[in-house]
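Q: sequence below, structure please.
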Amino acid sequence: MVRRRRMVRNYTDESVDGETVDRIVEAALHAPSAGYSQGQSFVVVTDEARRQRIAELADEAEYVASGFDPWISLAPVHVVVCVSEQAYRDRYDQPDKNPDRAEQHWPVPYWWVDAGASLMLLLLAAVDEGLAAGFLGSHAMPELEAELGLPPDVRAIGVVTIGHPASDRRSGSLARGRRPAGDTVHRERW
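A: The predicted model follows:
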């Protein structure tokens, strides 16, 4: 499944069964979270008008003007991955994590790490269900968060589009190829 996963940017008009979507999101709920903070959350969007609005906020028109297919608006399912930093701070104020009530120091913002783990599980679960998925960010995150009615302490990290794959034009970035393992994997020391 991991080797079959790739970012898909075009979908057929075939819908995705609600139970399938539930299984995909359920898989993402099993992502790790620091201290079992469970600060990740998801907004599943299937309403056509709301998907169109998300496509607008993500500048799909500019993407299409560059010669690509309109993939965001065509995807029958959007899953917006969200995270709450406050959930982590609250968890790490609990006696079992902070018995001395010391000031919290976060050298790594694990809420972002854990949201990324949830995102990856969404992508893999879609492939496991025989579907395709893509990920997109947006320069209009505050507008996306407002459109979805997110609480003030919850941030969207991006949108996973899910659907039945259609042939698509692959990204020119793929011409770079993957870096060799010898350049990226180190044993014992760099």
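
Q: list the residues that contact residue 49.
A: For residue 49, no contacting residues are found, by CB atoms under 8 Å, 6 or more residues apart in numbering. The C-beta positions use only the backbone N, C-alpha and C, and glycine is treated the same way.

Q: name the element it belongs to?
A: Under the criterion of DSSP states H and E, residue 49 resides in helix 48-57.

Q: buried ones in that helix?
A: For helix 48-57, a neighbour-count test (16 or more other CB atoms under 10 Å) marks 51, 53, 54, 55, 56, 57 as buried.

Q: need the helices for the chain, in chain order.
A: Secondary structure of the chain (DSSP state H): helices at 18-28, 48-57, 60-65, 71-74, 85-91, 110-128, 141-148, 181-184.

Q: out of these, which is closest to residue 158?
A: helix 110-128 (7.2 Å; CB to CB).

Q: any buried residues in that closest one, and which?
A: By neighbour count on 16+ other CB under 10 Å, the buried set for helix 110-128 is 110-111, 114-127.

Q: restrict that helix to CA atoms and write it as PDB.
A: Taking C-alpha atoms only, helix 110-128 is exported to PDB below (Å, rounded to 0.1, in the frame of the first residue of the first chain):
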ATOM      1  CA  TYR A 110       4.300  17.800  18.600                       C
ATOM      2  CA  TRP A 111       0.800  18.900  17.600                       C
ATOM      3  CA  TRP A 112       2.100  19.500  14.100                       C
ATOM      4  CA  VAL A 113       4.000  16.200  14.100                       C
ATOM      5  CA  ASP A 114       0.900  14.300  15.200                       C
ATOM      6  CA  ALA A 115      -1.300  16.100  12.600                       C
ATOM      7  CA  GLY A 116       1.200  14.900  10.000                       C
ATOM      8  CA  ALA A 117       0.900  11.400  11.200                       C
ATOM      9  CA  SER A 118      -2.900  11.600  10.900                       C
ATOM     10  CA  LEU A 119      -2.600  13.100   7.500                       C
ATOM     11  CA  MET A 120      -0.400  10.200   6.300                       C
ATOM     12  CA  LEU A 121      -2.900   7.600   7.700                       C
ATOM     13  CA  LEU A 122      -5.700   9.300   5.800                       C
ATOM     14  CA  LEU A 123      -3.700   9.000   2.600                       C
ATOM     15  CA  LEU A 124      -2.800   5.400   3.200                       C
ATOM     16  CA  ALA A 125      -6.300   4.400   4.300                       C
ATOM     17  CA  ALA A 126      -7.700   5.800   1.100                       C
ATOM     18  CA  VAL A 127      -5.300   3.700  -1.000                       C
ATOM     19  CA  ASP A 128      -6.200   0.700   1.200                       C
END
